[in-house]
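Trainee: got a structure for you, letters missing:
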């Protein structure tokens, strides 16, 4: 599986956009980029995923570079409830283990009042 | 829609004792996963079931850990005997079919195990 690199921690002011980067330079052409987050004392929660095109849903936007070697998760108006660890995961489309998620250490996002 | 249910929420045991965790996935979800999350790290997959069959248990320490999903619905994970390094949060997750790359996993809140 392609590995991902994320900053250990980030701060964001409440109400501002939070931009969380992720590097995945060894990603294969058919691997998806997934984002999950984990709020303290809870299980991980799905946020968004994409393959090549940028994606947006009610929670966030995902921007994937044209070469697919990096991506950015954008929380447009961060609130205190967005304080969590954010995981960027690259997931193969098929084969053994393809339907699993392999987590790294993620980015600890702190939203500051 | 009910989420993934896990119990107990917390468990404290002494080393060499046995412990069991229970998980009930979202209704209709064929695939069930058990993850172990040590403090400060991301979750690590222990075992994956598709209905009542094991798909992947390559990272399950089989000398002390066991898991079953007899009727293809709920599942139990057991540790016998427990070691200090087993202290972690044990997370259960489920997904609809496990056969699509863009399928979401839904996680329970986990069981926090402390081994003293």
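Mentor: Okay, I see it. Note that the structure is predicted; figures quoted are calculated from it, not measured.
Trainee: Heading C-terminal from the helix or strand bottoming out on mean pLDDT in chain B, find the next helix or strand.
Mentor: The helix or strand of chain B with the lowest confidence, counting by mean pLDDT, DSSP states H and E, is strand B:53-56 at a mean of 89. Later in the chain than strand B:53-56, the nearest helix or strand by DSSP states H and E is strand B:65-68.
Trainee: which of the residues in that following strand are buried?
Mentor: For strand B:65-68, the neighbour count (16 or more other C-beta atoms under 10 Å in any protein chain shown) marks B:65-67 as buried. The way it works is simple: take the backbone N, C-alpha and C, and place the C-beta from them, glycine included.
Trainee: now the residues you listed in JSON lines, with pLDDT and distance to residue A:78?
Mentor: Below are the buried residues of strand B:65-68 laid out as JSON lines (pLDDT from 0 to 100; distance: C-beta to C-beta, whole Å):
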{"residue": "B:65", "pLDDT": "98", "distance to residue A:78": "39"}
{"residue": "B:66", "pLDDT": "97", "distance to residue A:78": "42"}
{"residue": "B:67", "pLDDT": "97", "distance to residue A:78": "38"}
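Trainee: Would you mind putting those residues into TSV with distance to chain A alongside?
Mentor: Shown next, in TSV, are those (distance: C-beta to the nearest C-beta, whole Å):
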residue	distance to chain A
B:65	17
B:66	19
B:67	15
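Trainee: What is the nearest of those residues to residue A:100?
Mentor: Using C-beta to C-beta, residue B:67 comes nearest to residue A:100 of these, at 14.9 Å.
Trainee: Could you tell me how far the closest one is located from residue B:22?
Mentor: With the distance defined as C-beta to C-beta, to the nearest Å, residue B:67 ends up 11 Å from residue B:22.
Trainee: what residues does chain B put near chain A?
Mentor: Contacts of chain B with chain A, taken as C-beta under 8 Å from any C-beta of the partner chain, map to B:4, B:31, B:33, B:40-45, B:48, B:56, B:91, B:93, B:95, B:98-110.
Trainee: Wait, residue B:56 touches residue B:49, no?
Mentor: No: taking contacts as C-beta atoms under 8 Å, residue B:56 lies outside contact range of residue B:49: 9.1 Å.
Trainee: ok, how many other residues are close to residue A:29?
Mentor: 8 (other C-beta atoms under 10 Å in any protein chain shown).
Trainee: Quick check: residue B:24 touching residue B:73?
Mentor: Yes: counting by C-beta under 8 Å, residue B:24 touches residue B:73, with 7.1 Å between them.
Trainee: Give the buried subset of the residues of chain B next to chain A as a PyMOL selection command.
Mentor: Applying 16+ other C-beta under 10 Å to the residues of chain B next to chain A, the buried members can be selected in PyMOL as follows:
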select buried, chain B and resi 4+31+33+42+43+45+48+56+91+93+95+98+101+104+105+106+107+108+109+110
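Trainee: Show me what residue B:5 is bridged to.
Mentor: With beta bridges defined as DSSP bridges, residue B:5 has these partners: residue B:24.
Trainee: For it, list the residues it contacts.
Mentor: B:23-24, B:108 (C-beta atoms under 8 Å, 6 or more residues apart in numbering or on different chains).
Trainee: Also residue A:62?
Mentor: Contacts of residue A:62 by C-beta under 8 Å, 6+ apart are A:33, A:35, A:48-50, A:54-56, A:71-74.
Trainee: Might one say that residue A:111 is in contact with residue A:86?
Mentor: No: between residue A:111 and residue A:86 no contact is recorded; they are 11.6 Å apart, counting by C-beta under 8 Å.
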